[in-house]
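Chemist: A structural model of the following input is requested.
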Amino acid sequence: MSMVWNDNTPIYRQLRDRVVAMILDGVLKQGDALPSVRQVAADFQINPITVSKAYQELVDENLVEKRRGLGMYVTEGARSALLKSERERFLTEEWPPLHARLERMGLDLETLIKHAPKHEGNAQ
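Modeler: As a prediction, this is how the structure comes out:
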């Protein structure tokens, strides 16, 4: 899990978003353990409290669970729940301004598909 931090978003939020992306991408699957707070803090040279805050957000969202003495684990159904919430967020927050911009530029679906980047992977 390599990270480049940006100054516009708190680090704990960027870390949380990275774990979410790993779940969505299937890198972390249900039942998988997250790296320990200490390990992440050491790897990225960040405060363990920052890592704990990111992990706590994931717990609060029921995406990971604490197992006493064992660590944090991805919960059952985390990916499905994320897909649902991320799709809804995209459609309500990101799509309207993007759609308006595409219309202003006169870009249609056919043009977008023709110029879409080609990549290997799971499209869903």
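
Chemist: Return the helix or strand in the chain with minimum mean pLDDT.
Modeler: Least confident helix or strand, the chain: helix 109-114 with a mean of 91, by mean pLDDT, DSSP states H and E.

Chemist: Ile46 - that's part of a strand, no?
Modeler: No. Counting by DSSP: H, G, I helix; E, B strand; the rest coil, Ile46 falls outside a strand, being coil.

Chemist: got a list of what it touches?
Modeler: When contacts are counted by C-beta atoms under 8 Å, 6 or more residues apart in numbering, Ile46 touches Ile11, Leu15, Val40. For the C-beta atoms, the positions are set from N, CA and C on the backbone; glycine is no exception.

Chemist: in the protein, which spans are helices?
Modeler: Counting by DSSP state H, the chain has helices at residues 11-24, 37-44, 48-60, 78-89, 95-105, 109-114.

Chemist: Quick one: closest of those to Arg68.
Modeler: With C-beta to C-beta as the criterion, Arg68 lies closest to helix 48-60 of the helices of the chain, at 12.8 Å.

Chemist: So this structure: which segments form each domain?
Modeler: 11-74, 78-114 (automatic domain parsing).

Chemist: And the most far-flung residue of the chain relative to its centre, how far from Leu112?
Modeler: No residue in the chain sits farther from the centre than Gly106, which is 31.2 Å out by C-alpha atoms, centre = their mean. Per C-beta to C-beta, to the nearest Å, Gly106 is found 12 Å from Leu112.

Chemist: what do you get for Gln14?
Modeler: Counting by C-beta to C-beta - Gln14 and Leu112 are separated by 28 Å.

Chemist: Would you mind telling me which of these two has more residues around it?
Modeler: Neighbour count, other C-beta atoms under 10 Å: between Gln14 and Leu112, Gln14 has more, with 16 against 10.
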